[in-house]
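Peer 1: generate a structure from the sequence data that follows.
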Amino acid sequence: MNRIFLLSILLLLSCNSGSRHDYNDTPVLGNVSIVVDESYQPLVGVELDTFMKLYKYATIRPEYLSEAETFRQLLRNDSVRVAIVSRQLTNDEKAEFDSQKIIPRVTKVAVDAVAIVVHPDNKDTLITYQTLSKMMRGEYLAWSELPNSKTRDSIRIVFDHNGSSSARYLQERFLGKADFPANCFAVKSNKAVIDYVAQNKGAVGVVGVNWISDREDPEVEAFLKKINVVQLTAPEDTMGKEFYSPCQAYIALKKYPLTRDVYVISREGRNGLGTGFASFFAGDPGQRIVRMSGLLPATMPVRIINIR
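Peer 2: Next up, the predicted model:
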């Protein structure tokens, strides 16, 4: 009788094991893969380095991709546990997860900005929101067409990727469902955008501000020597009275007009390593790193000092 009971239990366990994943990770231990919008590579790199130094038995392998590919991997690659992105899930994406019987966890961790950069010899660094809108729609094709411009080159607008979050963000804001004009094109990364702008006087580069926001990073300082960062007006300021740079203070005060939230989306549905990293990112240690990077933490206030 005992032998039959034991055999029944073993058969039940073997049947169940075929329908389940064998998870060997905890919130602070194991090996997982995550996908990250390439706009956030500098910040996420520091977050990961800090997390894995604190938890030496944790290994998290990031892959930095365009936004479109990041979501594709999160939805269809079940080895990917977490994505770090600049938008929430669409209704279609929620339905896809629902069909997989997965309840994703979405956590806001920061507020980011899209920065506009130009060649270091280009002194047209104060641009109204309305002028930028016309540039993105192809109504201005040369710098000489801008009011009071000192530059005479053709305008070439360059993004980091086809399918990038920065391109999608500006398209939704300025063009709706229309396509970008013919003078817009994509390279392969935010670094490549900066390099292109540094070599082409008429270029208008679009980058995630995280690539130029951490003034303690020597690579950021090297980037800033190669470009000028454009200051923009608020959308309602048609006269060009006040211009704002994409710095932490103006992001916090909601003065800089091109801002977006940063989210960690987990598909684990359990307390695994991906969830552990998401909790770290949203918690006090991770938020301090966000603040030091020059972005705006989602859950931690920043000090803004007015100097008169």
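Peer 1: just the helices in the stretch 151-300 of the chain please.
Peer 2: Assigned helices in the stretch 151-300 of the chain, in chain order: 165-170, 190-199, 218-224, 248-252, 273-282, 284-293 (criterion: DSSP state H, counting those that start in this stretch).
Peer 1: would you turn these into JSON lines with mean pLDDT?
Peer 2: Formatted as JSON lines, the helices of the stretch 151-300 of the chain follow (pLDDT from 0 to 100):
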{"stretch": "helix 165-170", "mean pLDDT": "97"}
{"stretch": "helix 190-199", "mean pLDDT": "98"}
{"stretch": "helix 218-224", "mean pLDDT": "96"}
{"stretch": "helix 248-252", "mean pLDDT": "96"}
{"stretch": "helix 273-282", "mean pLDDT": "96"}
{"stretch": "helix 284-293", "mean pLDDT": "97"}
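Peer 1: same list (the ones you listed) but as TSV, adding distance to Arg267 and mean neighbour count.
Peer 2: C-beta: built from backbone N, CA, C; applies to glycine. TSV is the format used below for the helices of the stretch 151-300 of the chain (distance: least, C-beta to C-beta, whole Å; neighbours: other C-beta atoms under 10 Å):
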stretch	distance to Arg267	mean neighbour count
helix 165-170	19	23
helix 190-199	26	20
helix 218-224	32	14
helix 248-252	29	20
helix 273-282	8	24
helix 284-293	19	19
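Peer 1: to Cys184, which of these lies closest?
Peer 2: helix 165-170 (8.2 Å; C-beta to C-beta).
Peer 1: quick one on the thing from earlier: right, and the helices of the stretch 151-300 of the chain - which one's nearest Gln231?
Peer 2: Gln231 lies closest, by C-beta to C-beta, to one member of these: helix 248-252, at 9.1 Å.
Peer 1: can you name the residues in contact with the closest one?
Peer 2: 111-113, 213, 244, 256, 259, 291, 294-296, 302, 304 (C-beta atoms under 8 Å, 6 or more residues apart in numbering).
Peer 1: before we move on, back to that, mind putting the helices of the stretch 151-300 of the chain into TSV with distance to Pro27?
Peer 2: Below are the helices of the stretch 151-300 of the chain laid out as TSV (distance: least, C-beta to C-beta, whole Å):
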stretch	distance to Pro27
helix 165-170	28
helix 190-199	31
helix 218-224	31
helix 248-252	29
helix 273-282	3
helix 284-293	13
